[in-house]
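Peer 1: Sequence first, predicted model second:
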Amino acid sequence: MPDPPLLLAARRRPTPFTPVWLMRQAGRYLPEYRALRARHAFLELAKTPQTAAEVTLQPVERLGVDAAILFADILLIVEPLGVGLEFAKGEGPVIHRPVRSEADVARLAPVDVASAVGFVFETVRLVRRALPPHVPLIGFAGAPFTVASYVVEGGASRDYLATKRLMRETPNAWHRLMTLLADATAAYLNGQIAAGAAVVQLFDSWVGALAPDDYRTFVLPHTRAVIAALTPGTPVIHFGTGTAGLLPLLREAGGDVIGLDWRVDLDAGWRAVGEDVGVQGNLDPVALLSPPATFEPAVRSILRRAAGRPGHIFNLGHGVLESTPVEHVKALVDMVHELSAR
């Protein structure tokens with residue numbers, strides 16, 4: 001069979017229409033997901049391959065998206081570090097023993113990825129067997145900086161004060177932490193690829209908190225190391241938010257497709273990363289809270305800025321919001337396919 005449209009786009013080859021998938025397309029806005037969550041805690045869902053596969057597959061047929069995205073979490077690989085990971089109800093991930101000093105970093109042992117997250121690889125195998133051949137599975141992991149920020153801050157943060165202090169005051173400890181996470185992340189993604197993921201996305205969701213010089217010094221070498229260590233031939237999507245001022249550096253770090261959030265026009269973002277890579281994005285997720293007729297002009301604008309060039313994957317600028325009506329998500333997918341048909 002010919003390559004699916006999403007794989008063609010990731011390799012900057014012509015497609016019959018612009019492929020579309022959505023970050024967090026498997027998740028809280030879906031009634032069937034909420035029904036599962038009523039019976040299972042989040043970590044229980046993620047660690048049980050059968051239920052994780054079910055969540056991964058839920059939106060594929062219902063929405064008509066051009067890829068499935070693995071249901072997992074970027075912090076699963078830090079749990080074996082012994083930092084006390086918990087998903088607290090209404091609070092998101094909490095790290096009970098944050099890493100904030102050289103001594104804390106020295107206590108961390110390398111992660112045995114195969115034994116620590118083997119359940120994720122089994123989920124990938126189950127999903128791949130269930131998906132039709134024309135729908136690829138996207139695996140994913142958190143980039144070292146974003147994972148480190150959770151480990152250091154103890155959870156989500158607005159200002160990343162503890163992270164930036166560790167980075168600047170004890171740079172050797174910071175680089176040891178980032179190297180440990182980069183090694184584990186590369187092994188984690190390669191395990192997903194070996195199990196059947198056709199594309200992988202590296203989420204550096206919070207890296208937009210950094211100045212360009214800090215990114216260049218403290219982040220870029222480690223992100224580059226992850227991407228360079230991945231199985232050759234597997235397209236890599238490199239995504240961050242708040243990165244309009246960092247886009248050339250993200251491109252330097254690597255990736256076949258650079259994800260753009262909604263804070264930059266798609267054509268300007270593509271110029272910033274260079275036309276020798278693809279781009280993904282970049283509708284504001286809030287747009288989907290309104291009726292389709294309201295967000296259609298924004299969809300048309302994004303497609304117009306892409307200008308039909310090979311290499312565009314349509315997505316939101318971040319994940320689907322919990323209160324988004326399912327019918328609006330379905331309408332978006334249909335709209336992208338119809339408006340971009342070649």
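Peer 2: Looks like it arrived, so ask away. Numbering: from 1, shown residues only.
Peer 1: Would you map the helices across the stretch 151-300 of the chain?
Peer 2: 161-169, 171-195, 212-218, 220-228, 247-253, 266-273, 292-306 (DSSP state H, counting those that start in this stretch).
Peer 1: Format these as CSV; extra columns: distance to residue 282, mean neighbour count and mean pLDDT.
Peer 2: Placement of C-beta: from N, CA and C, glycine included. Shown next, in CSV, are these (distance: least, Cβ to Cβ, whole Å; neighbours: other Cβ atoms under 10 Å; pLDDT from 0 to 100):
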stretch, distance to residue 282, mean neighbour count, mean pLDDT
helix 161-169, 26, 17, 97
helix 171-195, 23, 21, 98
helix 212-218, 20, 16, 98
helix 220-228, 20, 20, 98
helix 247-253, 12, 20, 98
helix 266-273, 5, 19, 98
helix 292-306, 6, 16, 98
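Peer 1: who wins for proximity to residue 121 among these?
Peer 2: Closest to residue 121 of the helices of the stretch 151-300 of the chain, according to Cβ to Cβ: helix 171-195, at 4.3 Å.
Peer 1: tally of neighbours for residue 291?
Peer 2: By other Cβ atoms under 10 Å, 12 other residues sit near residue 291.
Peer 1: Please report how far it lies from residue 146.
Peer 2: Going from residue 291 to residue 146 by Cβ to Cβ, to the nearest Å gives 33 Å.
Peer 1: circling back to that earlier point, can I get the helices of the stretch 151-300 of the chain in JSON lines with distance to residue 325?
Peer 2: Below are the helices of the stretch 151-300 of the chain laid out as JSON lines (distance: least, Cβ to Cβ, whole Å):
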{"stretch": "helix 161-169", "distance to residue 325": "36"}
{"stretch": "helix 171-195", "distance to residue 325": "31"}
{"stretch": "helix 212-218", "distance to residue 325": "37"}
{"stretch": "helix 220-228", "distance to residue 325": "35"}
{"stretch": "helix 247-253", "distance to residue 325": "32"}
{"stretch": "helix 266-273", "distance to residue 325": "25"}
{"stretch": "helix 292-306", "distance to residue 325": "10"}
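Peer 1: right, so of those helices, which gets closest to residue 239?
Peer 2: Shortest separation from residue 239 across the helices of the stretch 151-300 of the chain is recorded for helix 247-253, at 8.6 Å, computed as Cβ to Cβ.
Peer 1: How far does the closest one sit from its chain's centre?
Peer 2: How far helix 247-253 lies from its chain's middle: 16 Å, per Cα atoms, centre = their mean, to the nearest Å.
Peer 1: Who are the packing partners of it?
Peer 2: For helix 247-253, the packing partners by 3 or more Cβ pairs under 8 Å, 6 or more residues apart in numbering; DSSP states H and E come out as helix 212-218, helix 220-228, strand 236-240, strand 257-259, helix 266-273.
Peer 1: Mind putting the ones you listed into CSV with distance to residue 107?
Peer 2: Output for the helices and strands packed on helix 247-253, formatted as CSV (distance: least, Cβ to Cβ, whole Å):
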stretch, distance to residue 107
helix 212-218, 21
helix 220-228, 20
strand 236-240, 29
strand 257-259, 34
helix 266-273, 38
